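*Asks:* Mind looking at a prediction? Sequence and model below.
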Amino acid sequence: MLQVSKTFGPTPLSSVIHMTPTPAQRPTTKQATRPVARTRARRVPASPDELRAIYEQCTRFMNGTGKRSATSLLASIPDDTVMDLYGEGGVVAELEHEIATLLGKEAALFMITGTMAQQATLRIHADRRSSRTIVFHPQCHLDVREERAYERLHGLVAATCGGYATPLSAELLASVHEPVAALLVELPQRDLGGTLPEWEELIAQTQWARDRGAATHLDGARLWEAAPFYRATAGKSPADISALFDTVYVSFYKGLGAIAGCCVAGDAATIEELKLWRIRHGGRAFGLWPYAASAQSALALRGHRFGDYYERARAIATTLQRLDGVEVLPFPVQSPMMHVRIRGDRDKVMAAMVDVARRDGVWMFGGAYANEGPSLQRFEFNVGEATMAFSLREIRELFQRVVPPSRRR
């Protein structure tokens, strides 16, 4: 996926363009005989426009569903799509019914953004209880990427649990000693590279909330990515996972690759109240059908493929973990995503990735997910349909080209 700044990724791509000296900058023969200091070609960061031009020229994409374009996304809307009216009827109702059935819930509601969907859902849970406190991991999306709107708009109070690099656990939850309105669990934990708790641990976490009269809410933006792990290790389906939670949020544009949008599934009363909050948040557009139709198509096209993505991610992780200067987090991987930590000068690593894009037409990453220092970066690697077109050997060789030579075996 193309990423520049907000579009190109969490961190702007610090890739470089090699500039050749002009004739005026080149030393003359007479000057060359003097003992002058040797200088390298000047390196400057590529602009977002330059990166976009390079991206558009690429023909292969290593991450996720690959290149997103207006043409491909519009093609995901069938010509016979039945339109809704202010979110009622048509393909929107069809998608809601499909998601409710898939997750084993009474009802579901389509919303245009996960930001409004999760805030409103947690507000409902809090209004039904005597507490305004929401418990979640310190890296929770609501806390770090939504300007803490849960607090500004809904008067909710966060009680973060655990360390930034430590997965949420029932043991850590035991340290919370105040009344709680809801527990939010993210599956998988994106900022930890797609980490997932074992099934029994997940049960313990949700039971902790129930014992305290708190609601349980699943941030399942990537539930599709989490499902293969629980099927493989515990024989559980998405409906089994959802049964542990009062409400479940799923996204359609991330791993599935639809235009945008999400659903919240839960009991009928909660979903009916959520419809009011959709209006209050300005989310009841005149027509939501393009987004719902695209989501329905993506679910039919890729919803059954995540088991294959998971197996390929496991093989890729094993391959990359063997490279000097490369570390996969977590290892072994637990979902079709991982964080790949590369040791090497940040600018040189970025320059090498841009060079690969220019020379081979292969887009690896648009930028580091996190810079942990001038010589240490983490890249988010989402294994999807586009990734499946690459052999393990190709992926290994691509990473070997961007890891500084001194770091290789």
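*Replies:* Now that the structure is in, tell me what you want to look at. Numbering: from 1, shown residues only.
*Asks:* the domain parsing of this structure - what is it?
*Replies:* 42-67+305-407, 73-299 (automatic domain parsing).
*Asks:* Now do residue 276: how many residues are near it, please.
*Replies:* A count of nearby residues for residue 276, using other Cβ atoms under 10 Å, gives 12. For the C-beta atoms, the positions are set from N, CA and C on the backbone; glycine is no exception.
*Asks:* Pop out the phi and psi values for the closest residue in space to residue 93 that isn't next to it in sequence.
*Replies:* Nearest non-adjacent residue to residue 93, counting by Cβ to Cβ, 6 or more residues apart in numbering: residue 84, 7.0 Å away. Residue 84 adopts backbone torsions of phi -90, psi 180, taken as degrees, to the nearest 10.
*Asks:* Look up how far residue 405 lies from residue 84.
*Replies:* Noted for residue 84: a distance of 56 Å to residue 405, by Cβ to Cβ, to the nearest Å.
*Asks:* Looking at these two, which is more packed in?
*Replies:* Counted by other Cβ under 10 Å, residue 84 and residue 405 do not tie: residue 84 has more neighbours, with 22 against 10.
*Asks:* is it true that the more buried one touches residue 91?
*Replies:* Yes. Counting by Cβ atoms under 8 Å, residue 84 touches residue 91, with 6.6 Å between them.
*Asks:* Need the overlap of contacts for the two.
*Replies:* Common neighbours of residue 84 and residue 91, using Cβ atoms under 8 Å, 6 or more residues apart in numbering, are 289, 292.
*Asks:* I'd like the next helix or strand past the helix or strand hosting residue 241.
*Replies:* Secondary structure assignment for residue 241, by DSSP states H and E: helix 238-242. Counting by DSSP H and E, the element after helix 238-242 in chain order, helix or strand, is strand 247-251.
*Asks:* Which residue ranges of the stretch 51-200 of the chain form helices?
*Replies:* 70-75, 90-103, 114-127, 141-144, 149-154, 170-173, 199-211 (DSSP state H, counting those that start in this stretch).
*Asks:* Residues in contact with the fourth one: which ones?
*Replies:* Taking contacts as Cβ under 8 Å, 6+ apart, the residues outside helix 141-144 that touch it are 114, 118-119, 122, 134, 136, 148-150, 158, 160, 184, 186, 190, 219, 221.
*Asks:* And for the first one?
*Replies:* By Cβ under 8 Å, 6+ apart, the residues outside helix 70-75 that reach it are 258, 259, 294.
*Asks:* Nearest to residue 319 among those residues?
*Replies:* residue 258 (29.8 Å; Cβ to Cβ).
*Asks:* what residue ranges in the chain are flagged as low confidence?
*Replies:* For the chain, applying pLDDT under 70 flags the ranges 1-45, 406-409.
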